[in-house]
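[1] return a 3D structure for these sequence lines:
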Amino acid sequence: MTNKKPNIVFFFWDNLGWGEPGCYGGGVLRGAPTPRIDQLAAEGLRLLNFNVEAQCTPSRSAVLTGRHPIRSGTQTVPITGGADGLTRWEITIAQALSDAGYETGMWGKWHLGSDPESRSPVDFGFGEAVWSPRTADEVIWTTQSYFPQGTVTSAPYAGGMKIPLEPQPIYSRKRGAKAEVIATYNAEFRAGFDRKITNWAMDFMSRAKREGKPFYMYLPYTQPHIPPIPDPEYAGKTKRGNVADLLTQMDDFTGMILDKLEELGLTKDTIVVWTSDNGADPNFRMPAMDPDPLGGQWTGFSGPWRGGYFTSLEGSNRTPCIIRWPGKLPAGKVSNELVHLVDMFTTLVLAGGAKVPTDRQIDGMDMRDFFLGDAKGSGRDTILCLQGNRLQAVKWRQWKLHLFQQDSFLSTWTPYNMPHLYNLEWDPREEHQVGFPHAWVAHPMAAAAAAFLKTLAIEPPIKPGTPDPYLPPKPGELRVEEHLQIGVITQYINSLTRTREKPPVPEHGMEIQTG
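    The predicted structure follows:
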């Protein structure tokens, strides 16, 4: 690696399927070419086996902390009630790079805490941010004539409690300042949000260049998550519906960021990562017209893979990922090596000359040698496919073992009496299980699962809704005991010997566990 600190631009699209961009088989197949995205892939490394978490909140947590979200209490999407998001104990890539001298900025979807004064992006290392605390689903609420737009009650069980049902705010905040509400997240703002993200990011790059400081930009764009409402300039542009309009929009906004890097003379000094948080959304159905102000009628595209987000099928956990660093990473390289979202934390922190935390479990691997072409393989053999608090499947090399059946976002999940084994090279759609002659592959899978379960006993997972301050157990306060032996998998339990002066305040709320 070079001694000069590289700039880092991280594009993070929302629910973009593996097969949507042209360089992954989509593009014109989906109604619109994606020349700028395809060019980016030709100039860098295109990963075919890049793995993410199954839901929005877990993926955002994983990429920012380098930890599987079950560790930090962010393994599901919170709906309402109680504390949500990361505890302040977590260390993000923004914090690590900020400590190493980087300017850090984030614009877009946060989804890791609703409190703008204690669990905002700025509280986790970003010098400035504009964000929606939750997700774009709530935009649909504001279009309904029967949405209360205020407070309601839930008698008699909740008594006279006033329950807010109000449009979601858009916050802006800089380090050292209070959060400011700058907009309401409604259909009109939704349409122009991604353009605003692009403009804020370009302004940030210009300011960082003038100050002579390296920068880390986290760009959690909001498209094509429902409602996929195109920017006014792009609505109806392709005459092929909203999905094509949005692909054109996403391609152009990508090009605007890349062109700004070139204009500032920063292209060769900048690592660009272009990826998505989850696989395709398979569920969006509405009466369609073109353009459609509520998003149109279309289904996300996962290429050869079956399934969509909120499952452990490849269409959920495998997304497009492109990495470019001119003169450092080989151009035009395509790889099917296993890489996980958590690896981006470790790799980029080290690439920026920052420190990876050593006082907590970090799941990300250092992929620098692989990305730079110095190592033939990624070094990662195994992917654990977690869905909420369930280990739902395990990938080992080209093999995939499903412990549960769940075919779609809305379907129920069912444990298999006997796990189902697939070979992803022979059967990319995971439709034809292989039999007992291949059962040997379960041994390395079980070893990985057992080792992971043991780490959860050594460092107990933070429960969703845990308020701040979170106090991790100190050495000697935790007693780990073997609980149950199942084949080669050992399940552990732990006992905390510390007694708090005062018990924590109980929290309540709901979260999406199964879809």
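
[2] phi, psi for residue 17 please.
    Note on residue 17: its backbone torsions stand at phi -70, psi 160 [degrees, to the nearest 10].

[3] assign the residue nearest in space to the middle of the chain to helix, strand or coil.
    Note on the chain: the residue nearest the mean C-alpha position is residue 59, at 2.7 Å, using Cα atoms, centre = their mean. Here residue 59 is helix, with the state taken from DSSP: H, G, I helix; E, B strand; the rest coil.

[4] now do the contacts for it.
    52, 53, 277, 278, 341 (Cβ atoms under 8 Å, 6 or more residues apart in numbering). Placement of C-beta: from N, CA and C, glycine included.

[5] same deal with residue 302?
    17, 18, 19, 279, 280, 308, 314, 315, 318.

[6] check what pLDDT it gets.
    Per-residue confidence at residue 302 stands at 95 (pLDDT).

[7] what's the closest non-adjacent residue to it?
    Using Cβ to Cβ, 6 or more residues apart in numbering and skipping residues adjacent in sequence, the residue nearest residue 302 is residue 315, 3.4 Å away.

[8] repeat that for residue 290.
    residue 241 (5.4 Å).

[9] and if you look at residue 108?
    residue 220 (3.8 Å).

[10] list phi and psi for the one you found.
    Torsion angles, degrees, to the nearest 10, at residue 220: phi -80, psi 80.

[11] other residues contacting stretch 341-353?
    So stretch 341-353 is contacted by 1, 5-6, 8, 10, 50-53, 59, 62-68, 93, 96-97, 100, 102, 214, 216, 271, 273, 275, 355-356, 362-368, 371, 378, 380 (Cβ under 8 Å, 6+ apart).

[12] just the residues you listed: which are in strands?
    8, 10, 50, 51, 216, 271, 273, 275 (DSSP state E).

[13] drop anything exposed from those residues.
    Buried members of these, counted by 16 or more other Cβ atoms under 10 Å: 8, 10, 50, 51, 216, 271, 273, 275.

[14] report the two of those separated the most.
    Pairwise distances across these (Cβ to Cβ) peak at 22.6 Å, for the pair 51 and 216.

[15] so residue 420, which of the three states?
    Once three-state DSSP is applied, residue 420 turns out strand.

[16] which ones are touching it?
    401, 402, 405, 433.

[17] pull out the buried members of these.
    401, 402, 433.

[18] okay, those residues in a markdown table with pLDDT, secondary structure and distance to residue 457 next?
    As requested, the buried ones among the contacts of residue 420 are arranged in a markdown table below (pLDDT from 0 to 100; DSSP: H, G, I helix; E, B strand; the rest coil; distance: Cβ to Cβ, whole Å):
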| residue | pLDDT | secondary structure | distance to residue 457 |
| --- | --- | --- | --- |
| 401 | 96 | strand | 22 |
| 402 | 96 | strand | 25 |
| 433 | 95 | coil | 31 |
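
[19] and which of these is nearest to residue 389?
    Checking those one by one against residue 389 (Cβ to Cβ), the nearest turns out to be residue 402, at 16.9 Å.

[20] hmm, residue 307 and the residue nearest to residue 302 touching each other?
    Yes - assessed by Cβ atoms under 8 Å, residue 315 is found in contact with residue 307 at 3.7 Å.

[21] those two: which has the busier surroundings?
    For the pair residue 315 and residue 307, the greater number of neighbours falls to residue 315 (28 against 24), based on other Cβ atoms under 10 Å.

[22] please name the residues that touch the more buried one.
    Per Cβ under 8 Å, 6+ apart, neighbours of residue 315: 17, 18, 279, 280, 282, 302, 305, 306, 307, 308, 309.

[23] near the fourth one, how many other residues are there?
    Spelled out, that is residue 280. Neighbours around residue 280, by other Cβ under 10 Å: 26.
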